[in-house]
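Engineer: Here's a sequence, model it:
(chains A, B, C and D)
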Number of protein chains: 2
Amino acid sequence: MKDIFKALNDDTRREILELLKKEDLTAGEIAENFSISKPSISHHLDILQRADLISGEKKGQFIHYSINTTILNDVFTWLLTLKK
Amino acid sequence: MKDIFKALNDDTRREILELLKKEDLTAGEIAENFSISKPSISHHLDILQRADLISGEKKGQFIHYSINTTILNDVFTWLLTLKK
DNA sequence: AAGTTATTTAGATATTTGCCTAAATAACTA
DNA sequence: TAGTTATTTAGGCAAATATCTAAATAACTT
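Structural biologist: Prediction:
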């Protein structure tokens, strides 16, 4: 839960999730959408992956990333407990 | 949205929300539940309040805090868009 | 008015975070 | 095998964050 909230607490990472919602993308394609360096994007992808919000699969020299919405259920559940 | 995720990205603040879910509490009562200083708790309460996740009402020398779950709908909505 | 209690504000410090450039790794291509 | 492309890892720096103690504010009590 800690990792998920950490991952979600960043504009760039939330945007990455929105991009991956539409379609799977490679690390490079994701980076093209931002004005920050590729290593920085790589770092954000790592944080999202640690939180299990995305997963990457290596295909040749590319890594294809896709969103994993299942883990969001944990967030929903936690938030719902607050709503009593 | 930014402020909400920031507010939720901290163990202490999430615990404060869980405490306030059960009942309204004063700043001092909230602080009793943690081993960190009162000024630190006061700071966390400020962040939660800025995110509109809680609200405080002064009653004499006490400030009674209560949770505001309405704002959580924004989070739900955002998370749902990710689920397609 | 003086003292006590509840809470916040201010200022300092250590840790974490996000970004960068440079270097490393891995896979493709000629 | 040498060169190119895709991506990550490493190292460093500045800004943000969480914490603390001390001081300030506000309300109650005697």
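Engineer: Not counting its neighbours along the chain, what's nearest the residue nearest to the spatial centre of chain A?
Structural biologist: Nearest to the geometric centre of chain A sits A:Leu48, at 4.0 Å (C-alpha atoms, centre = their mean). Spatially, and ignoring its direct neighbours in sequence, A:Leu48 is nearest to A:Ile54 (4.5 Å; C-beta to C-beta, 6 or more residues apart in numbering or on different chains). C-betas here are computed from N, CA, C, even on glycine.
Engineer: got a list of what whichever residue of chain A sits closest to DNA strand D touches?
Structural biologist: Closest approach between chain A and DNA strand D, counting by C-beta to the nearest atom of the strand: A:Gly28, at 2.2 Å. If you count contacts by C-beta atoms under 8 Å, 6 or more residues apart in numbering or on different chains, A:Gly28 has them with A:Lys38, A:Phe62.
Engineer: ok, whatever helix or strand it lives in near DNA strand C or not?
Structural biologist: For A:Gly28, the element it lies in under DSSP states H and E is helix A:27-32. No. In terms of C-beta under 7 Å from any atom of the strand, no part of helix A:27-32 sits within range of DNA strand C; the closest distance is 9.6 Å.
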